[in-house]
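> Whatever this is, show me its structure:
(one chain, ligands or ions: 2)
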Amino acid sequence: MQTVELKHPLIEHKLAILRDKKTGTKEFRELIKEISMFLCYEAMRDAKLEKAEIETPMEKMKTKKLDEDHYAFVPILRAGMGMLDGVISVVPNAKIGHIGMYRNEKTFEPVNYFFKVPKGIEKREVIILDPMLATGGSAIDAIDLLKSKGVKKIKFLCIIAAPEGLKEVEQKHPDVVIYCACIDKKLNKNKYIVPGLGDAGDRIFGTK
Ligand code: PRP
Ligand code: URA
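Ligands and ions are numbered 1, 2, ... in the order given. Here you go, the predicted model:
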């Protein structure tokens, strides 16, 4: 299975407020952050822990810890930046990369304008962040770029995904697991997700 959809009453509740056109910028940002934390929690279920020894106020104990340095989060600009706060509140020492991409308004094809990732990216597990997976073009290109740098393990976190885009990404990159809060109905003629939440970047940054 390549796509994991979070099915939980709390997520459904938060999505209902997020999608509502009456929801303002502050609350929209907070909800993107909270849902991203839940997505990260789910995506890191298979995280490898290392043996560690600590001392509680009572006694020494053997326990386990995460090698946070093994992970890199890569938001797709702009909207992916909205998810960064949430994931770094869960894994605060992860490295961060950036991929700049926007969709051409006529062709709907993604245009890459920036790519900067941490040194040694090929040795890390990379978790891409973008709230919307519509046609899947941006996700596919972002994964291509990371694979061309030698990255072997990639996960993709999004808030809302369209079935059409999921199919494309699953076909091109069957090794990449996608975690989303909800799989919506479809894309409209302008390749926007319906019912969706509108333009994620504009709602996060208040640009419209
Ligand atoms: C949105 C979204 C994704 C992309 C999804 O970005 O954040 O990156 O579109 O569409 P796709 O699956 O059809 O490629 P947008 O182009 O609006 O740029 P922005 O984040 O700068 O607003
Ligand atoms: N980008 C968005 O922000 N929303 C969509 O529905 C599709 C692409």
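> measure the closest residue to L166 other than its chain neighbours to K167 for me?
Counting by Cβ to Cβ, 6 or more residues apart in numbering, T3 is the residue found nearest to L166 once chain neighbours are left out, at 5.6 Å. In this view, the C-beta of every residue, glycine as well, is placed from N, C-alpha and C. Relative to K167, T3 is positioned 10 Å away (Cβ to Cβ, to the nearest Å).
> When the two are compared, which one has more neighbours?
Using other Cβ atoms under 10 Å as the criterion, T3 and K167 rank with T3 on top: 19 against 12.
> Was I right to think the more buried one contacts E170?
Yes. Counting by Cβ atoms under 8 Å, T3 touches E170, with 7.0 Å between them.
> Overlap in contacts, the two.
Here T3 and E170 share the contacting residues I178, scored by Cβ atoms under 8 Å, 6 or more residues apart in numbering.
> mind checking the end-to-end distance for stretch 116-125?
Using Cα to Cα, to the nearest Å, the end-to-end distance of stretch 116-125 comes out at 16 Å.
> Flag every buried residue along that stretch.
Within stretch 116-125, the residues scored as buried using 16 or more other Cβ atoms under 10 Å are V117, I121, R124, E125.
> pLDDT value on the nearest residue to the last one once chain neighbours are set aside, please?
Read it as E125. Spatial nearest neighbour of E125, excluding adjacent residues (Cβ to Cβ, 6+ apart): K153 at 4.4 Å. In this model, K153 is scored at 98, pLDDT.
> K208 too?
K208 is assigned a predicted lDDT (pLDDT) of 83.
> now do Q2
84.
> swap in Y192?
pLDDT at Y192 comes out at 98.
> That one reaches F108, doesn't it?
No. In terms of Cβ under 8 Å, Y192 does not count as a neighbour of F108; the distance is 9.8 Å.
> OK, contacts around the residue of the chain found nearest ligand 1?
For the chain, the residue closest to ligand 1 is G201, as judged by Cβ to the nearest ligand atom, at 2.3 Å. Applying Cβ under 8 Å, 6+ apart, one finds that G201 lies in contact with R78, A79, T207.
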